[in-house]
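Asks: Please find the sequence and the predicted model below.
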Amino acid sequence: MSLNREQIAMRVAQELKDGDYVNLGIGIPTLVASFVPKDIEVMLQSENGLLGMGPYPTKENVDADMINAGKETVTAITGASIFSSSQSFAMIRGGHVDFTVLGAFEVDQNGNIASYMIPRKLVKGMGGAMDLVAGAKNIIVTMTHANKHGHSKLLSKCTLPLTGVDCINKVVTDLAVIEIKDGAFHLLERAPGVSVEEIIEKTDGKLIVPDDVPEMKID
Amino acid sequence: MSLNREQIAMRVAQELKDGDYVNLGIGIPTLVASFVPKDIEVMLQSENGLLGMGPYPTKENVDADMINAGKETVTAITGASIFSSSQSFAMIRGGHVDFTVLGAFEVDQNGNIASYMIPRKLVKGMGGAMDLVAGAKNIIVTMTHANKHGHSKLLSKCTLPLTGVDCINKVVTDLAVIEIKDGAFHLLERAPGVSVEEIIEKTDGKLIVPDDVPEMKID
Amino acid sequence: MSGFNKIVSSYDEAMAGLTDNMTVIAGGFGLCGIPEGLIAQIKKMQTKQLTFVSNNCGVDDFGLGILLQGKQIKKMISSYVGENAEFERQYLSGELEVELTPQGTLAEKIRAGGAGIPAFYTATGYGTPVAEGKEVKEFNGRKYILEEAITGDFAIVRAWKSDRMGNLVYRDTAMNFNPEAATAGKITVVEVEEIVENGELKPTEIHTPGIYVNRVIQATFEKRIERLTLAKEG
Amino acid sequence: MSGFNKIVSSYDEAMAGLTDNMTVIAGGFGLCGIPEGLIAQIKKMQTKQLTFVSNNCGVDDFGLGILLQGKQIKKMISSYVGENAEFERQYLSGELEVELTPQGTLAEKIRAGGAGIPAFYTATGYGTPVAEGKEVKEFNGRKYILEEAITGDFAIVRAWKSDRMGNLVYRDTAMNFNPEAATAGKITVVEVEEIVENGELKPTEIHTPGIYVNRVIQATFEKRIERLTLAKEG
């Protein structure tokens, strides 16, 4: 069975380490915050200028001046700091954020990512995504393995305009956990009940498959 | 009579305008603060990170954490702000400081200044002087017209290593007020009792002398 | 003795000098921390052919979006311009020029403009459409592109508190691009919730020193929320 | 659950990992705001051939000056290095290398190092000895030189208060280069006067967010005054 959005987020959350400063993109990445393992602490950075993002507010605590990068109303945890946009991206560009999770349209076997623009549709802009992929030490992409037409999103070469080059280390899809290195996708894990054959079939780029591909552990 | 240090400072202070943000260098420039005209207000910027520098402290108010760029203990006026070094020089380099007064070894008719280094003596460093001359909108140099050997310090071309190029607008010496433009020194005023001939004699660079050279007004 | 009193009492005075074809840098992120009244004043003035430097362009009927209605904006320099139907229409029809800039590069370009840095290198955007036509240089084995600074004829800023000298403090994430914008306008105009007496703000707590600020006006704000999200009731 | 507790209890722990030939960025201006105890620890460790990035080099018997006595410093990157006889001796004899850097350029190079900007253009130093060997480029009719960023293996910083997560607040002009230094060390070690509980520092009043800080140690400081100047008694 392919993973649902929550299960993808759960699997990504297993990658977090105690003490990580983490930036989560919009969509599935945002869900990761709900699945941080109980025995570790991470601190969420929101690129509009908040380190230590907390949960959504109660009705009584809503404050228009306290939002996240998705423009949602949020709260700040104890020990949070708030700063300007240039300071926020100094953190990101300077490599101080340990871990970034973001979505993508396409990823290729050289670690390139396309995530912000589909030509001939309206271009909404890259926001902070280009800075994040250029700056973070460790980047995980979450996406479905194939698009709704069944075409692979793991390619030998991205076809859409790039968000960044040679920057993606790992992809967690509804079917598999894949590492990118040495110009190839390396299959690390498969979703429970998903066959290696299905993953091979739905991966367009060069895929290295080891003899034993364990199933992901999702509780 | 040539001006003494206080009188040079008095004359420079007449150039200040109400609302000016001002950076004063070490030596004669520091004295300018004592002669700000009574009917205007200026705010002193100290490049170690203080805008709104006040007078020296009383014995009871001395605080090792409150110093100026000359490493002297100072106070802060009401409305002062304190910030980091990069912020301080963002102000300076970005042209937000209206007025800078600093000393020099030499100035030349193209507005170049040499003020930080005499080769074959120990080099102590330029501190913030190079940033100040590159950034301030309006720079006045204070110095004696000639050195102790009687050699002019207003030259056709500086002989010492430069602090900045094409940046000095005005020089106030013990003998004269001189404007620098179009590749020449322009004599604006002479010290009370000092002859135009003496100024001509002690100026090495090209000096434009108008028919009438008024005496400075120093009270 | 009034050289440092930055307070003005009318919006006409606050935006005096703004004319057609100028560049305006605006603080704000989405609808958070935007100078609402200054934007309304620009709408009232009907100034045209403006270039706006702002992370976003508001929504159809709030924020910078209201200036699109009167076709006052010639060009937007932004990182994200969704959420706005009229924007989309003008952009697709070619009436509106858009220069998409990565968010961190945009913040740094404005900071650089205020700080007298004409250009800087960044890895952000290397190898992407953003890099087109830009110089590339390698440092320590990695490739970077050269990005130039931005300055504005005006900067319009929202802060929380200002003293009479224009020293500013921002409130929570309404800070965002406002401190950078404040440094980069030839004329910087600030709209604040509260004016306090000089000395009420501690010197080390001031986010923007008054040296960057030309005019301050007190206002009340609608503070519209773009995406109200609430904790699940538990 | 201790991933964000940055507090260490000994100087040995604070400076663990410092080895010969490393580059250390130090906050402080003159003797103001220097990390006194961390400097003393480096003296105790007898680490050699260090490169120090610091606006000044202290005086003979205080601040970084004490590391000159044991010839621990190979190179200084500074804007002003007067006030120090042993410094002068080692410099003139060629034992000590000195890279004089304008103060604002130094601050910006350190900030750039922390912010992932590998290089920037500045007008400061154009046409002077500082420009030798550096790229020159014209923007809007003015010439600028290219300056590269600085990062350190360690940054040593003095702050006033820190919470357990390493969020820092500086005291008065003891701030100076400390916020920039804090961002630019692979390992950033901070010496503070007071450790406070998480939440005691208001989010918008924090000068240096804890993300930049690796280790915090509480200390007492001599705070020697370099030039005591007093108001004339009236």
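Replies: It's in.
Asks: can you give me the helices for the chain?
Replies: Unless you meant another one, I'm taking chain A. Applying DSSP state H to chain A gives helices spanning A:5-13, A:28-31, A:85-93, A:129-135, A:196-201.
Asks: could you do chain C instead?
Replies: So, for chain C - with DSSP H - the helices run C:11-14, C:36-45, C:65-69, C:85-92, C:103-115, C:178-183.
Asks: avg pLDDT for stretch A:149-161?
Replies: Summarised as a single mean, pLDDT over stretch A:149-161 is 97.
Asks: quick one: is that stretch near chain C?
Replies: Yes. Stretch A:149-161 reaches chain C (CB under 8 Å from any CB of the partner chain) through residue A:161. All C-beta atoms are positioned from the backbone trio N, CA, C, and that covers glycine.
Asks: Just the buried residues of that stretch, please?
Replies: For stretch A:149-161, a neighbour-count test (16 or more other CB atoms under 10 Å in any protein chain shown) marks A:152-155, A:158, A:160-161 as buried.
Asks: Repeat that for stretch C:92-110.
Replies: Those would be C:96, C:98, C:100-110, for stretch C:92-110 by 16+ other CB under 10 Å.
Asks: Could you do stretch C:139-157 as well?
Replies: Those would be C:144-147, C:149-157, for stretch C:139-157 by 16+ other CB under 10 Å.
Asks: Looking at the buried residues of stretch A:149-161, spot the one nearest chain B.
Replies: Proximity of the buried residues of stretch A:149-161 to chain B (CB to the nearest CB) peaks at residue A:161, which lies at 33.8 Å.
Asks: The helices of chain C: which one's closest to chain D?
Replies: Short answer: helix C:103-115, nearest of the helices of chain C by CB to the nearest CB, at 7.1 Å.
Asks: packing partners for that closest one?
Replies: Secondary-structure packing of helix C:103-115 (3 or more CB pairs under 8 Å, 6 or more residues apart in numbering or on different chains; DSSP states H and E): helix A:85-93, helix A:129-135, helix B:85-93, strand C:119-122, strand C:142-148, helix C:178-183.
Asks: Could you list which of the buried residues of stretch C:139-157 also contact chain D?
Replies: Near chain D, by the rule CB under 8 Å from any CB, you find residue C:144 out of the buried residues of stretch C:139-157.
Asks: Can you tell me which of the buried residues of stretch C:139-157 is nearest chain A?
Replies: residue C:144 (9.3 Å).
Asks: just checking, residue C:223 touches residue A:65?
Replies: Yes. Using CB atoms under 8 Å, residue C:223 makes contact with residue A:65 at a distance of 7.0 Å.
Asks: out of these two, which sits in the more crowded spot?
Replies: residue A:65 (21 against 16; other CB atoms under 10 Å in any protein chain shown).
Asks: Say whether chain C is contacted by the helix or strand of chain A with the lowest mean pLDDT.
Replies: Least confident helix or strand of chain A, by mean pLDDT, DSSP states H and E, is helix A:28-31 with a mean of 94. No. Helix A:28-31 does not reach chain C (CB under 8 Å from any CB); its nearest approach is 10.3 Å.
Asks: In strands, which of the buried residues of stretch A:149-161 appear?
Replies: Among the buried residues of stretch A:149-161, DSSP state E puts A:154-155 in strands.
Asks: which residue sits closest to the residue nearest the centre of chain C in space, ignoring its chain neighbours?
Replies: Nearest residue to the geometric centre of chain C (CA atoms, centre = their mean): residue C:26, 2.0 Å. Take residue C:26 and drop its neighbours on the chain: the residue closest to it by CB to CB, 6 or more residues apart in numbering or on different chains is residue C:54, 4.1 Å away.
Asks: same check, this time on residue C:62
Replies: Per CB to CB, 6+ apart, closest to residue C:62 is residue C:224, 5.4 Å.
Asks: Same question for residue A:67.
Replies: residue C:32 (4.9 Å).
Asks: likewise residue A:174?
Replies: residue A:2 (4.0 Å).
Asks: repeat for residue C:189
Replies: residue C:215 (4.6 Å).
Asks: Please name the residues that touch the one you found.
Replies: C:6-8, C:13-14, C:187-190 (CB atoms under 8 Å, 6 or more residues apart in numbering or on different chains).
Asks: Just give me the closest of those to chain D.
Replies: Closest to chain D, out of all of the contacts of residue C:215 and judged by CB to the nearest CB, is residue C:190, at 16.4 Å.
Asks: Point out where chain C drops to low pLDDT.
Replies: C:1-2, C:234 (pLDDT under 70).
Asks: from it, which residue is nearest to chain B?
Replies: For chain C, CB to the nearest CB, closest residue to chain B: residue C:3, 2.6 Å.
Asks: Wait, that residue touches residue B:41, no?
Replies: Yes. Counting by CB under 8 Å, residue C:3 does reach residue B:41; the two are 5.1 Å apart.
Asks: picking up where we left off before, neighbour-wise, which of the contacts of residue C:215 leads?
Replies: Counting by other CB under 10 Å, top hit in these: residue C:190 with 31 neighbours.
Asks: ok, that one touching residue C:170?
Replies: No. Assessed by CB under 8 Å, residue C:190 is found out of contact with residue C:170, at 10.3 Å.
Asks: intersection of neighbour lists for the two?
Replies: C:158-159.
Asks: could you show me where the strands are in chain A, in order?
Replies: Going by DSSP E, chain A shows strands at A:21-24, A:43-46, A:50-53, A:76-82, A:99-103, A:106-108, A:113-114, A:139-143, A:154-155, A:170-173, A:176-181, A:184-190, A:207-208.
Asks: where along chain C do the strands fall?
Replies: Under DSSP E, chain C gives strands at C:23-26, C:50-53, C:73-78, C:97-100, C:119-122, C:136-139, C:142-148, C:152-163, C:168-169, C:185-196, C:215-218.
Asks: what sits against residue 167?
Replies: By default, I'm working from chain A. A:111-113, A:133-134, A:139.
Asks: wrong chain, I was asking about chain C
Replies: B:79, B:81, C:198, C:201, C:206, C:208-210, C:213.
Asks: Show me which of those are buried.
Replies: Here, 16+ other CB under 10 Å leaves B:79, B:81, C:198, C:201, C:206, C:208-210, C:213 buried among those.
Asks: ok, back up a step: in CSV: the contacts of residue A:167, plus pLDDT, neighbour count and distance to chain B.
Replies: Listed next are the contacts of residue A:167 as CSV, based on pLDDT from 0 to 100; neighbours: other CB atoms under 10 Å in any protein chain shown; distance: CB to the nearest CB, whole Å:
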residue, pLDDT, neighbour count, distance to chain B
A:111, 97, 20, 33
A:112, 98, 23, 34
A:113, 98, 30, 32
A:133, 97, 32, 26
A:134, 96, 29, 22
A:139, 96, 24, 28
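Asks: Out of these, the closest to residue A:105 would be?
Replies: residue A:113 (8.6 Å; CB to CB).
Asks: I'd say the closest one and residue A:107 touch.
Replies: Yes. Look at residue A:113 against residue A:107 with CB under 8 Å: they come within range, at 5.3 Å.
Asks: Mutual contacts of these two, please.
Replies: A:141, A:158, A:168.
Asks: what sits against the first one?
Replies: Think residue A:141. A:101-104, A:107, A:113, A:115, A:168, A:170-172.
Asks: same deal with the last one?
Replies: If you count contacts by CB under 8 Å, 6+ apart, residue A:168 has them with A:104, A:107, A:111-113, A:133, A:139, A:141, A:180.
Asks: And the residue of chain A positioned farthest from its centre, how far from residue D:181?
Replies: Centroid-distance maximum for chain A: residue A:60 at 31.5 Å, with CA atoms, centre = their mean. Distance, residue A:60 to residue D:181, by CB to CB, to the nearest Å: 42 Å.
Asks: can you check residue C:4 too?
Replies: In terms of CB to CB, residue C:4 sits 32 Å off from residue D:181.
Asks: Looking at these two now, which is surrounded by more residues?
Replies: The neighbour count for residue C:4 versus residue D:181, taken as other CB under 10 Å, is higher for residue D:181 (36 against 22).
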